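**Student:** Okay, predicted coordinates and the sequence, questions at the end:
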Amino acid sequence: MKRMDNGTYDSITTDPPYASGGLTTAERKVSPARKYLSSAKYLSFDNDTRDQRTHFMWSVMWMEEALRITRPGGWLMVFSDWRQLPLTSDALQVAGWTWRAVVTWDKTEASRPHQGMFRNQSEFILIATRGSIGKEQDRPRVFPGGVFRHYLKPSEKMHLTGKPVPLMRHLLTVLLPQSRILDPFMGSGTTLVAARDLGHVAHGIDLSPDNVRIAAGRLGVSIP
């Protein structure tokens, strides 16, 4: 991101590591594959074991870069779970974004239950813009719901924390046609697939060569 030009993108749409899933330091440092799932079916990933202070500082750092490479009036759409929702909202505002809304992904009652406790069946997408959202007449005439209910079938999942393509398409409906989108934590490339379906141009970054290969395969793109 540091090598990208100012104002390159219309939206940064991404699902970064949450550094969540544990009540103690020892629990948070466990591999994501063990924290979030009992199965070893999916690849694990890095940068999910920070404490609250370092996770906040890291979030501000990448969100500042995201702001720089987004055009004025452009969007930030960033996922969070319930534990990191306050931290994420603080970080995006410290980084200079204007916080606009929270969209809820209702994963349905098929989500993992906890006996005697409410199901954690929601994840959240914090919506922000770089400054003014612009005049109403210049925006797409769409009115997407603030809650999106969708069950992600295991057979459709290609990443440990993968999101459903219909959800990503729902988020991207507020963008102007042929927008340029960056996902700096692309995982298996779901944002890129949704962007392609809607006629946008999307780029992705991931530290894992395995995830890059998975994303490229989904998009029919050859890599060296």
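**Tutor:** That came through, no problem.

**Student:** Tell me the first helix or strand C-terminal of the longest helix anywhere in the chain.
**Tutor:** Secondary structure of the chain read by DSSP state H shows that its longest helix is helix 52-68. Next helix or strand after helix 52-68 toward the C-terminus (DSSP states H and E): strand 70-80.

**Student:** what comes up buried for the next helix or strand after that next one?
**Tutor:** As assigned by DSSP H and E, the chain's next helix or strand after strand 70-80 is helix 85-94. For helix 85-94, the neighbour count (16 or more other CB atoms under 10 Å) marks 85, 87-89, 91-92 as buried. For the C-beta atoms, the positions are set from N, CA and C on the backbone; glycine is no exception.

**Student:** Among the residues you listed, which one lies nearest to residue 60?
**Tutor:** Ranked by distance to residue 60 (CB to CB), the buried residues of helix 85-94 are led by residue 91 at 4.9 Å.

**Student:** so what does the longest helix of the chain touch, helix or strand wise?
**Tutor:** For helix 52-68, the elements it packs on are strand 70-80, helix 85-94, judged by 3 or more CB pairs under 8 Å, 6 or more residues apart in numbering; DSSP states H and E.

**Student:** can you do 10 Å?
**Tutor:** With contacts defined as 3 or more CB pairs under 10 Å, 6 or more residues apart in numbering; DSSP states H and E, helix 52-68 has these neighbours: strand 9-14, helix 25-28, strand 70-80, helix 85-94, strand 122-129.

**Student:** Reformat these into TSV and put distance to residue 173 next to each item.
**Tutor:** As requested, those are exported to TSV (distance: least, CB to CB, whole Å):
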stretch	distance to residue 173
strand 9-14	12
helix 25-28	35
strand 70-80	11
helix 85-94	21
strand 122-129	12
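
**Student:** so where's the chain shaky on pLDDT?
**Tutor:** For the chain, the stretches with pLDDT under 70 are 21-48, 159, 224.

**Student:** export stretch 205-224 as PDB, just CAs?
**Tutor:** This file holds the C-alpha atoms of stretch 205-224, laid out as PDB (Å, rounded to 0.1, in the frame of the first residue of the first chain):
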ATOM      1  CA  ILE A 205      -3.200  -8.100  -1.500                       C
ATOM      2  CA  ASP A 206      -2.400 -11.100   0.800                       C
ATOM      3  CA  LEU A 207       0.700 -12.200   2.700                       C
ATOM      4  CA  SER A 208      -0.100 -15.900   2.000                       C
ATOM      5  CA  PRO A 209       1.000 -17.300  -1.300                       C
ATOM      6  CA  ASP A 210      -1.500 -20.100  -0.800                       C
ATOM      7  CA  ASN A 211      -4.300 -17.600  -0.500                       C
ATOM      8  CA  VAL A 212      -3.100 -15.700  -3.600                       C
ATOM      9  CA  ARG A 213      -3.300 -19.000  -5.500                       C
ATOM     10  CA  ILE A 214      -6.800 -19.700  -4.300                       C
ATOM     11  CA  ALA A 215      -8.000 -16.300  -5.200                       C
ATOM     12  CA  ALA A 216      -6.400 -16.400  -8.600                       C
ATOM     13  CA  GLY A 217      -8.100 -19.800  -9.300                       C
ATOM     14  CA  ARG A 218     -11.500 -18.400  -8.400                       C
ATOM     15  CA  LEU A 219     -10.900 -15.500 -10.700                       C
ATOM     16  CA  GLY A 220      -9.400 -17.500 -13.500                       C
ATOM     17  CA  VAL A 221      -6.200 -15.500 -13.400                       C
ATOM     18  CA  SER A 222      -2.800 -17.000 -13.900                       C
ATOM     19  CA  ILE A 223       0.100 -16.100 -11.600                       C
ATOM     20  CA  PRO A 224       3.900 -16.600 -12.100                       C
END
